[in-house]
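K.L.:
Next input, structure requested:
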Amino acid sequence: MRRTLRFALALALAALPASAQQRDFSKVEMKVTPVSGNIYMLEGAGGNIGVSAGSDGILIVDDQYAPLAEKIRAALKSINPGKLKYVLNTHYHGDHTGSNAAFGPESSIIAHENVRKRLAQGTNVRGNAVPPSPPEALPVVTFANAVSVHFNGEEIKAIHYPRGHTDGDSIIFFTKANVVHMGDHFFLRRFP
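P.N.:
Here you go, the predicted structure:
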């Protein structure tokens, strides 16, 4: 029975990247949820987006799939008309870095050094080849263990957790707002 469940789970996970490629993103709506202080969450398709919006501008954590970039941009404008200055990637999977190419030319992308490596080389996710990302989608600031961004009146810490979901996982702490963005280290309905 356990072997059958594992096999079924493996098949379901293997189908995820293919289903994302065939998904009709025109029907996805971005939902904005205030979290604490100037921190918001955007829900659409893929990993949730963390947002710090304030007098310094906008910082986002992850950026979902490429076809959603304009919808993400519109949702950000509804929160704050300021400029997007930083994108923090929690890891390299496409539902967290897919819009990097759209946002990279206007902001600085920050991620663990393995995220840049995987995006630059291309990867294999659940048996599906993922081609290398274009230069504008690559992080321009990388770190080995941790980095802090002082933005909108708070310290935003990105801390690398090795042996996690991928080899480039980071968890993001919004220290003043007391908010944690865990990327794919935590799911509501299942463990990563």
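
K.L.:
how many other residues sit next to residue 186?
P.N.:
Residue 186 has 13 neighbouring residues, counting by other CB atoms under 10 Å. Glycine gets a C-beta too; all of them are placed from N, C-alpha and C.

K.L.:
my guess is residue 89 meets residue 114, correct?
P.N.:
No - applying CB atoms under 8 Å, one finds residue 89 not in contact with residue 114, separated by 10.6 Å.

K.L.:
contacting residues for the residue most central in space within the chain?
P.N.:
Relative to the mean C-alpha position of the chain, the nearest C-alpha, by CA atoms, centre = their mean, is the one of residue 62, at 2.2 Å. Contacts for residue 62 (CB atoms under 8 Å, 6 or more residues apart in numbering) come out as 46-50, 87-90, 96-97, 181, 183.

K.L.:
picking that back up, higher neighbour count, residue 89 and residue 114?
P.N.:
It is residue 89, of residue 89 and residue 114, that has more neighbours when counted by other CB under 10 Å, with 30 against 19.

K.L.:
Let me know the pLDDT of the closest residue to that one other than its chain neighbours.
P.N.:
The shortest distance from residue 89 to any non-neighbouring residue, by CB to CB, 6 or more residues apart in numbering, is to residue 111 (3.9 Å). On the pLDDT scale, residue 111 is placed at 98.

K.L.:
what does the one 10 residues further on give?
P.N.:
In this model, residue 121 is scored at 96, pLDDT.

K.L.:
The one 5 residues further on now?
P.N.:
Note on residue 126: pLDDT of 80.

K.L.:
what do you get for residue 81?
P.N.:
On the pLDDT scale, residue 81 is placed at 95.

K.L.:
so how far is residue 76 from the nearest residue to residue 44 once chain neighbours are set aside?
P.N.:
In space, and not counting its chain neighbours, residue 44 is closest to residue 30: 4.7 Å by CB to CB, 6+ apart. Between residue 30 and residue 76 the computed distance is 9 Å (CB to CB, to the nearest Å).

K.L.:
same question, residue 44
P.N.:
From residue 44 to residue 76 the distance is 12 Å (CB to CB).

K.L.:
Show me which of these two is the more surrounded one.
P.N.:
Remark: of residue 44 and residue 76, residue 76 carries more neighbours, 24 against 20, as counted by other CB under 10 Å.

K.L.:
Name all residues that make contact with residue 158.
P.N.:
With contacts defined as CB under 8 Å, 6+ apart, the neighbours of residue 158 are 88, 110-112, 143, 146-149, 170-173.

K.L.:
Spatially nearest residue to residue 69 (excluding sequence neighbours)?
P.N.:
residue 102 (3.6 Å).

K.L.:
any idea which element the one you found lies in?
P.N.:
Here residue 102, judged by DSSP states H and E, is contained in helix 100-103.

K.L.:
Likewise for residue 114?
P.N.:
Secondary structure here is read from DSSP H and E; on that basis residue 114 sits in helix 113-121.

K.L.:
list the buried ones in that helix?
P.N.:
Buried positions in helix 113-121, judged by neighbour count with 16 or more other CB atoms under 10 Å: 114, 115, 116, 117, 118, 119, 120.
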